[in-house]
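> one predicted model, sequence on top.
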Amino acid sequence: MSQGQIKTWAMYASLENADHICTDISAWMTELNLSRHIFSLELLAREALNNAIIHGSQMDPAKKIYAELLCDENILQLKVRDEGTGFNWRGTLQKDMVADNKEDGRGLKLYQLYADQVEFNEIGNQVILTRSIND
C-alpha cells in the first residue's frame with residue numbers, strides 16, 4: 001500500500017447513504033489488502049455515520065454528512081462530520097457515560113473499544129477515530 005491514501009464522501013443524511021459509505025469502505029479496504037481491519041473500521045464508521053445522521057442531522061435529508069478515510073502504513077483515520085450543532089462531548093466523556101443496558105452512549109463505548117484514539121472538534125459535530133494497523 002502506498003502512503004497516505006485518502007478517500008472522501010459527501011452525501012445527504014440518510015441511513016441508506018451510510019450503508020453506501022460502509023460498503024465503499026469495505027471494498028476499498030479489500031483493495032488495499034487491509035481486509036483484517038474491515039470489521040472494526042466498518043463498525044466504527046457505521047456508528048459514527050448513524051450518529052451524524054440521527055443525532056447531528058436529525059434525519060433531515062436536506063443536510064449532508066461528510067466522511068474521510070486516511071490509510072497509511074501505520075494507521076487508519078476516519079473523520080465523520082455533520083451539519084448539526086454538535087453535542088457536549090466533554091460532559092458526556094466525563095460521566096460514567098455508558099451503562100451496558102443504556103440505549104444512548106453506546107457509540108462512544110464502541111469508539112473507545114475499537115479505536116486507539118478518539119477526538120471531537122470543538123463543537124462536537126465531527127469525530128476523528130484513529131486505529132493502528134500495525135499488528
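Here it is on my side, so go on.

> what are the ranges of the strands in this structure?
5-12, 64-71, 75-82, 117-120, 126-132 (DSSP state E).

> parallel or antiparallel, list what pairs with the fourth one.
Read it as strand 117-120. Sheet pairing for strand 117-120, assigned by DSSP bridges, gives strand 126-132 (antiparallel).

> buried ones in the strand it pairs with?
126-131 (16 or more other CB atoms under 10 Å). Heads up, the C-betas are built off the backbone N, CA and C, glycines and all.

> then stretch 21-33?
Using 16+ other CB under 10 Å as the test for burial, stretch 21-33 gives 21-22, 25-26, 28-29, 32.

> ok, back up a step: can you name the two of the buried residues of strand 126-132 that sit furthest apart?
Greatest spatial distance in the buried residues of strand 126-132: 126 and 131, 16.9 Å, computed using CB to CB.

> ends of stretch 51-71, what's the gap?
Taking CA to CA, to the nearest Å, stretch 51-71 runs 23 Å from one end to the other.

> oh, I was asking about stretch 81-89
End-to-end distance for stretch 81-89, by CA to CA: 14 Å.

> could you do stretch 34-42 as well?
Terminal residues of stretch 34-42 lie 12 Å apart, using CA to CA.

> and it, what's buried?
So stretch 34-42, judged by 16+ other CB under 10 Å, has buried residues 37-38, 40-42.

> turn the buried residues of stretch 21-33 into CSV, columns for distance to residue 68.
What follows is these, written out as CSV (distance: CB to CB, whole Å):
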residue, distance to residue 68
21, 11
22, 14
25, 11
26, 16
28, 12
29, 15
32, 15
